[in-house]
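Enquirer: next one to model:
(chains A and B)
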Amino acid sequence: MNNPYGYINGRVRMMRVALVDARAMDDVTNTLNYQEFLRQISETPLREDLGEATAQGAGLGQLDEALSRNYLKAISHLRSIATGQPAREIEALLLRYDLQNVKTLVRGVQTGRSADDIVAGLIPAGTLPWSALQGAAQSADVASLAQTLSVAGGKIGQILRAAVSGGANSLLDLEVALDQGYYRAVLSGVRGTNVRRYFTREIDVRNLLIARQLRGAAPNVRYFIPGGRDVSEADFLRIAGGDNSVSAPDLGAVLEAPDLGSSEAIARRLLDEASRNVAMADALGPGVALDYLRRKEQEIARMRLIGRAKFYGLSKDELQRELEGA
Amino acid sequence: MKNTAIQKAAKYAPALTVMTFAGSAFAQEVAATGADANAAGLKAIGAGLALGLGAVGTGLAQGPIGAAAAGVVAERPEKFGQMAIWFFIPETLVIFGFVGFFLLRG
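Expert: Numbering: from 1, shown residues only, chains lettered A, B, ... in the order given. Modelled structure (predicted):
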């Protein structure tokens, strides 16, 4: 009878109100240069965390730091307001950032990038401690990276270790193994029907993107992520073989896009829509938090993109194109 | 599972007690016999139910509203007034119960 999400979602909804609204985002996008951009974001709710980013001579490094600080603060705040089962469900939602961070680490370590470069691409969210991620960025190879992350704790580190022990060595193998483990962990961690429906949609979309990526090579079912609703194993193999038909009509757009980049942009829009729907349908469940996390992530990503565009003097049209893909 | 059932029962026990004793208390006041006594007793039970069920309904509605309102006010204290209005709206149920109670008593 007494649902703890009544209180939690009341707070999360108010946190959502504090996000940069569409009008303010347009004003920031339409600024003429970097200085005006900084002045404009100083009038948004992000101002509290801007710190040195607005100081004389400050650059993108300070801006990134400020945005990361704001992001971390928002995530920590969200984690602090839930206890018991809701806290476990929110932790399961935060695994998404662990997944993204571990993928960034794997890519960075495999391609031999410097630790600083890798750390710059990490998201200051998730359940893995920041110090553990920084330490993992210094790994010499994927095996030692997996070892470091599994010692640091967290489900994704263990999944990576299991994948490496299982013989996965190519980037695609590792990423798919991480995705499979992540969705297994999330689906076992969240109980609400609406949120589970969202994740089944996300799995379908991910399967379509992987199948597209596999076109031209021999289709292999080991890259299929179980748990989806509209894309079966047979559909996956068929799509990887070059077929564009899929049972859910709205998913067809992902396959019909001219290139993988456009497919990913369409997939992101589909998932944004799904997360908004789940936030409305799941008024007394973790759907509201899921939607908030997506919106916050997008806010920070867009601000970073706009900041870079203004700093390097990109035209309005170029920026618009970048934002559409973000 | 068993504990949860007991907790749920305990939550409704005060309202149930009010309903039971309000009815019998008023029933005792009626000093009449035969049909009059029956009618008076039924009216008293009705009055108790009107008030008690109204109170239970208000409680059921105010629980989730109060939790959400507390969440909102924790983030934005300036919303207290607005949230108080939402919180008090279910009080109308118990007021209607009171009206029924006095009508039956009168």
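
Enquirer: so which residues on chain A come close to chain B?
Expert: Proximity of chain A to chain B (CB under 8 Å from any CB of the partner chain) is limited to residues A:1-4, A:6-15, A:17-18, A:81, A:284. (Glycine included, C-beta is placed from N, CA and C.)

Enquirer: buried among those residues? Make that a PyMOL selection.
Expert: In PyMOL, this line selects whichever of the residues of chain A next to chain B come out buried by 16 or more other CB atoms under 10 Å in any protein chain shown:
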select buried, chain A and resi 3+6+7+8+9+10+11+12+13+14+15+81+284
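
Enquirer: mind checking which of the residues of chain A next to chain B land in helices?
Expert: Of those, the ones assigned to helices by DSSP state H are A:6, A:7, A:8, A:9, A:10, A:11, A:12, A:13, A:14, A:15, A:17.

Enquirer: so who does the third one touch?
Expert: Applying CB atoms under 8 Å, 6 or more residues apart in numbering or on different chains, one finds that residue A:8 lies in contact with A:81, A:82, A:86, A:288, A:289, B:71.

Enquirer: okay if I get those as CSV plus distance to residue A:314?
Expert: Converted to CSV, the contacts of residue A:8 look like this (distance: CB to CB, whole Å):
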residue, distance to residue A:314
A:81, 38
A:82, 40
A:86, 42
A:288, 35
A:289, 34
B:71, 41
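
Enquirer: next secondary structure after the longest helix belonging to chain A?
Expert: In chain A, assigned by DSSP H, the helix with the most residues is helix A:84-111. Next helix or strand after helix A:84-111 toward the C-terminus (DSSP states H and E): helix A:115-120.

Enquirer: leaving out sequence neighbours, find the closest residue to the residue of chain B found nearest chain A.
Expert: Nearest residue of chain B to chain A, counting by CB to the nearest CB: residue B:71, 2.5 Å away. Nearest residue to residue B:71, sequence neighbours excluded (CB to CB, 6 or more residues apart in numbering or on different chains): residue A:10, at 2.5 Å.

Enquirer: now for the one you found: which residues touch it?
Expert: Residue A:10 neighbours (CB under 8 Å, 6+ apart): B:67, B:68, B:69, B:70, B:71, B:72, B:74, B:75.

Enquirer: before we move on, what's the pLDDT of it?
Expert: pLDDT for residue A:10: 93.

Enquirer: equivalent analysis for residue A:98, please.
Expert: On the pLDDT scale, residue A:98 gets 90.

Enquirer: what of the one 3 residues further on?
Expert: Per-residue confidence at residue A:101 stands at 91 (pLDDT).

Enquirer: for it, which non-adjacent residue is closest in space?
Expert: residue A:122 (5.0 Å).

Enquirer: quick one, phi/psi of that neighbour?
Expert: Phi and psi for residue A:122, reported as degrees, to the nearest 10, are phi -80, psi 150.

Enquirer: again with the one 4 residues further on
Expert: The phi and psi torsions at residue A:126 (degrees, to the nearest 10) take the values phi 90, psi -170.

Enquirer: wait, it touches residue A:103, no?
Expert: No - the criterion here is CB atoms under 8 Å, and residue A:126 misses it with residue A:103 at 11.7 Å.

Enquirer: neighbour-wise, which of those two wins?
Expert: A count of neighbours by other CB atoms under 10 Å in any protein chain shown puts residue A:126 above the other of residue A:126 and residue A:103, at 22 against 19.

Enquirer: pLDDT wise, what is the more buried one at?
Expert: The per-residue pLDDT of residue A:126 was computed as 82.

Enquirer: list the contacts for it?
Expert: When contacts are counted by CB under 8 Å, 6+ apart, residue A:126 touches A:75, A:94, A:95, A:96, A:97, A:98, A:100, A:101, A:154.

Enquirer: the longest helix of chain A versus helix A:5-17: what angle between them?
Expert: Here helix A:84-111 points in a direction 50 degrees away from that of helix A:5-17 (axes from the mean of the first three to the mean of the last three CA atoms, to 10 degrees).

Enquirer: please compute how far helix A:84-111 lies from its chain's middle.
Expert: Mean C-alpha position of helix A:84-111 versus that of the full chain (CA atoms, centre = their mean, to the nearest Å) differs by 9 Å.

Enquirer: stretch A:276-296 too?
Expert: 15 Å.

Enquirer: buried sites along it?
Expert: Quick answer for stretch A:276-296 (16+ other CB under 10 Å): A:277-279, A:282-296.

Enquirer: does residue A:272 belong to a helix, a strand or coil?
Expert: Three-state assignment for residue A:272 (DSSP: H, G, I helix; E, B strand; the rest coil): helix.

Enquirer: nearest spatial neighbour of it, chain-adjacent residues omitted?
Expert: Taking CB to CB, 6+ apart, and ignoring the residues beside it in sequence, residue A:272 has residue A:294 as its nearest neighbour in space, at 6.6 Å.
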